[in-house]
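Trainee: A predicted structure for the sequence below; I have some questions about it.
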Amino acid sequence: MLDAIQDFFHRALAVPDDHGQRELTLELATAALFCEIVRADNHFDDRERRALREMLMARFSLSATAVDELVQLAEDATDQAVDHFQFVRLVNEHYGYDDKVALVELMWRLAYADDELDAQEEHRIRKLADLLFVRHSDFIRTKLRVQEARGPSRH
């Protein structure tokens, strides 16, 4: 698994130094947390898959091929992980508070990508937001912001 991750990073972004490796590992951690959300309801819908790909492409400026590979690595990593602590720890170490709030907002967008919010998705976002030390008020504010953007009839 580690070899596959390193191989992906060298091929996708060709950044061999330690700083680049840290950021790439952070990309995988972020993708893994996003995968946790879309898989929380045990149904990975095409709309969720598209939303996940678009978010990762926009956030990390990766090609579609690189994002597909990153998502596969993230899914494999979450399948093998006992818990999400390894991913959360990395995000907590390298993201500022505003970045973590932005991640929670993206998690809400992923949860709503299939036009329904499952209780398991909401629970997972709440748990991850707590582990990321995002204040409850920001957790709620991001949820409301996503709901508002969706329109009044699509909550």
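Mentor: Nice, thanks for sending it over. No experiment lies behind these values; they were computed from the predicted model shown.
Trainee: quick one: the helices in this structure?
Mentor: 2-13, 18-38, 46-60, 64-80, 85-94, 97-112, 119-131, 136-150 (DSSP state H).
Trainee: any chance of those helices in CSV, plus mean neighbour count and mean pLDDT?
Mentor: For the C-beta atoms, the positions are set from N, CA and C on the backbone; glycine is no exception. Converted to CSV, those look like this (neighbours: other C-beta atoms under 10 Å; pLDDT from 0 to 100):
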stretch, mean neighbour count, mean pLDDT
helix 2-13, 14, 48
helix 18-38, 20, 74
helix 46-60, 17, 91
helix 64-80, 17, 87
helix 85-94, 16, 89
helix 97-112, 20, 95
helix 119-131, 18, 95
helix 136-150, 15, 96
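Trainee: got a list of what the residue most central in space within the chain touches?
Mentor: Nearest to the geometric centre of the chain sits Phe34, at 2.4 Å (C-alpha atoms, centre = their mean). Counting by C-beta atoms under 8 Å, 6 or more residues apart in numbering, Phe34 touches 52, 55-56, 74, 106-107, 110.
Trainee: make it 6 Å
Mentor: By C-beta atoms under 6 Å, 6 or more residues apart in numbering, Phe34 lies in contact with 52, 110.
Trainee: That one and Pro152: what is the separation?
Mentor: Distance, Phe34 to Pro152, using C-beta to C-beta, to the nearest Å: 27 Å.
Trainee: If anything else comes up later, I'll come back, but that's it for now.
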